[in-house]
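Visitor: Attaching a predicted model along with its sequence, questions to come.
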Amino acid sequence: LEAERERLERLTVTRETLEELAADGVGVDETPRPQAGPVGGGQVVGVQTVHVWREGMTSGDLPPVYRDIVDVIDDAPEAVRAKQVVPRIGLPAQTAKIEGTRGKLKRLVERGWLAEESAGLFTPSARRTADRAMQ
């Protein structure tokens, strides 16, 4: 079990690295390679690319789960914590779901979609808010 956890951690880091490279516009060799089946017979989940926010982009330019998160933050009257976002996007309020959502919130901050006012409090980014006001 421990070996599988380590393998999953390495795969998670690899996925995040690939997402960052894709967001920076770096191409990845797409040569087909044989793929191992999913651990435990589950379903393989693809990489979801979160592009760096640019003027004119909307939440519709994001993968569905990220779009839902941004829409929740946009509709909130004040800064929101990950544990407040989770039930609003239809997930159970479990620690694993909250931590996964927190990671997505941090990624959205890194890409310019959101701002982190203080530790753990998320709001729309000022640049994106200004862009929406001009539209």
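Guide: Thanks, I have the structure now.
Visitor: correct me, but Trp81 touches Ser118?
Guide: Careful, residue 81 is Arg and not Trp. No - contact between Arg81 and Ser118 fails when scored by C-beta atoms under 8 Å: they sit 10.6 Å apart. C-beta: built from backbone N, CA, C; applies to glycine.
Visitor: higher neighbour count, the two?
Guide: More crowded of Arg81 and Ser118, by other C-beta atoms under 10 Å: Arg81, with 15 against 7.
Visitor: tell me the phi and psi of the more buried one?
Guide: Main-chain torsions, Arg81, degrees, to the nearest 10: phi -100, psi 160.
Visitor: Next, the contact list for it, please.
Guide: By C-beta atoms under 8 Å, 6 or more residues apart in numbering, the contact set of Arg81 is 120-122.
Visitor: Could you turn the buried ones of those into a PyMOL selection?
Guide: Buried members of these, defined by 16 or more other C-beta atoms under 10 Å, are picked up in PyMOL with:
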select buried, resi 122
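Visitor: Can you tell me the element Glu19 falls in?
Guide: helix 2-23 (DSSP states H and E).
Visitor: helices and strands around that helix, which ones?
Guide: Packed against helix 2-23 by the contact rule (3 or more C-beta pairs under 8 Å, 6 or more residues apart in numbering; DSSP states H and E) you find no helix or strand.
Visitor: Give the rounded mean pLDDT of stretch 61-76.
Guide: Averaged over stretch 61-76, pLDDT sits at 93.
Visitor: and which of the contacts of Arg81 is nearest to Leu91?
Guide: Distance to Leu91, by C-beta to C-beta, is smallest for Phe122 among these, at 16.0 Å.
Visitor: Quick check: that closest one touching Ile73?
Guide: Yes - with contacts counted by C-beta under 8 Å, Phe122 reaches Ile73, the gap being 5.6 Å.
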